[in-house]
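Visitor: okay, here's the prediction I keep looking at, along with the sequence it came from:
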Amino acid sequence: MVQFLTEDEPQREVAVEIVPGIRRMVADNPSKMTYRGTNTYLIDTQDGTLIVDPGPDLPAHIAAIRAEAGRVAGILATHSHFDHVQSIPALQAGLDVPVYALGNRVAADIALAEAGSLHGWRVLHTPGHIDDHVCLLRDDGVMLTGDHVMGWSSSVVIPPEGDMADYMGSLSRLLGENSGLYLPGHGPPITEPHNYVRELLAHRHGREAEVLACLADGVGSVEAMVARIYPELAAQLVPMAARNLTAHLLKLAKEGRAEEQSVGWVSVA
């Protein structure tokens, strides 16, 4: 079982130093999908402050980032979900600084690339949660993990932009990286990252086994699988659970172990 982490309600519009040279500011957008809110990281570099995941378009959050950042070196998005990038246009206004992102969903000035280097951080393309997701790893073992790995919850994988096979592969990849601290896009830092990633992988393999058990018992609709696998799930989270299970089914289909037919999903021998 995954041992999820919790933290107290944070101060808003206040930057708190996590490790030397890295401050976190939590946006005031709490929800069942964002926990306490989106983490914006302010990272000291020789060229100024690199702003990672500036978050939602909230005037107070944007003003606080501007006040705390001082001289800005650039703005970076770990991925294109709106709760991480919505404030970029307002924040960039009046600043002659580049925006960095992977892919074309974010209006980036400079495209990130696998194994690229940026202000001392190595870029890791980690698709799965969404196909344009990146993590950033520093030589001292600090990793910015966006929504790929979060301590408060497992990540939602929503097809078609999200892919469960890619997600599990990206998780496995992190086990080969020398990192001792994860700073996620939501929730508190993760201080035992490799153990936590192993728990996440075990959780996903367990969920996959539950899906296969449903198919073996003739439960072929996603709705019926949700009811069986998540019997006590809050109603507002049912759509996300359905999308997660769909992602598992698509992974099994890609591997030749399941198939969607007119009667629903079936296992393939």
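Guide: Now that the structure is in, tell me what you want to look at.
Visitor: which strands or helices does the strand or helix carrying R173 pack on?
Guide: In the assignment (DSSP states H and E), R173 maps to helix 164-174. Contact here means 3 or more C-beta pairs under 8 Å, 6 or more residues apart in numbering; DSSP states H and E; on that basis helix 164-174 packs against helix 193-216, helix 238-254. (C-beta placed from N, C-alpha, C; glycine too.)
Visitor: turn the ones you listed into JSON lines, including distance to D96.
Guide: Converted to JSON lines, the helices and strands packed on helix 164-174 look like this (distance: least, C-beta to C-beta, whole Å):
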{"stretch": "helix 193-216", "distance to D96": "36"}
{"stretch": "helix 238-254", "distance to D96": "39"}
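Visitor: single out the most deeply packed of the ones you listed.
Guide: Among the helices and strands packed on helix 164-174, helix 238-254 has the highest mean neighbour count (mean count of other C-beta atoms under 10 Å), at a mean of 19.
Visitor: can you name the residues that contact D166?
Guide: 127-128, 131 (C-beta atoms under 8 Å, 6 or more residues apart in numbering).
Visitor: any idea how far the helix holding R173 is from the middle of the chain?
Guide: How far helix 164-174 lies from its chain's middle: 12 Å, per C-alpha atoms, centre = their mean, to the nearest Å.
Visitor: report the angle between the axes of it and helix 238-254?
Guide: 80 degrees (axes from the mean of the first three to the mean of the last three C-alpha atoms, to 10 degrees).
Visitor: which helix or strand contains I65?
Guide: helix 59-69.
Visitor: now the next helix-or-strand element following that helix: mean pLDDT?
Guide: Following helix 59-69 in sequence order, the next helix or strand is strand 72-76 (DSSP H and E). Strand 72-76 comes out with an average pLDDT of 98.
Visitor: strand partners (parallel or antiparallel) of the longest strand along the chain?
Guide: If you go by DSSP state E, the chain has its longest strand at strand 39-45. Sheet pairing of strand 39-45 (DSSP bridges) gives strand 22-26 (antiparallel), strand 48-52 (antiparallel).
Visitor: just want the angle from the last one to strand 72-76.
Guide: In terms of direction (the same axes, to 10 degrees), strand 48-52 departs from strand 72-76 by 20 degrees.
Visitor: could you report the neighbour count for the closest residue in space to H119 that isn't next to it in sequence?
Guide: Sequence neighbours aside, T45 is the residue nearest to H119 in space, at 4.2 Å (criterion: C-beta to C-beta, 6 or more residues apart in numbering). By the criterion of other C-beta atoms under 10 Å, T45 has 15 neighbours.
Visitor: what's near enough to touch T45?
Guide: T45 sits in contact with 73, 119-120, where contact means C-beta under 8 Å, 6+ apart.
Visitor: also Y182?
Guide: 143-145, 149, 151, 189-190, 193, 196 are the contacts of Y182 under C-beta under 8 Å, 6+ apart.
Visitor: ok, now L181?
Guide: 19, 141-143, 189-191, 193.
Visitor: from these, which land in helices?
Guide: P193 (DSSP state H).
Visitor: of all the contacts of L181, which comes closest to V106?
Guide: Using C-beta to C-beta, M143 comes nearest to V106 of the contacts of L181, at 20.5 Å.
Visitor: how does this structure divide into domains?
Guide: As given by automatic domain parsing, the domain ranges for the chain are 16-192, 204-267.
Visitor: okay, those in a markdown table with distance to E9 next?
Guide: Putting those into a markdown table (distance: least, C-beta to C-beta, whole Å) gives the following:
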| stretch | distance to E9 |
| --- | --- |
| domain 16-192 | 7 |
| domain 204-267 | 20 |
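Visitor: wait, which of the helices and strands packed on helix 164-174 is closest to E177?
Guide: Nearest to E177, of all the helices and strands packed on helix 164-174, is helix 193-216, at 9.0 Å by C-beta to C-beta.
Visitor: what is that closest one packed up against?
Guide: By 3+ C-beta pairs under 8 Å, 6+ apart, helix 193-216 packs against helix 164-174, strand 181-184, helix 222-229, helix 238-254, strand 258-261, strand 264-267.
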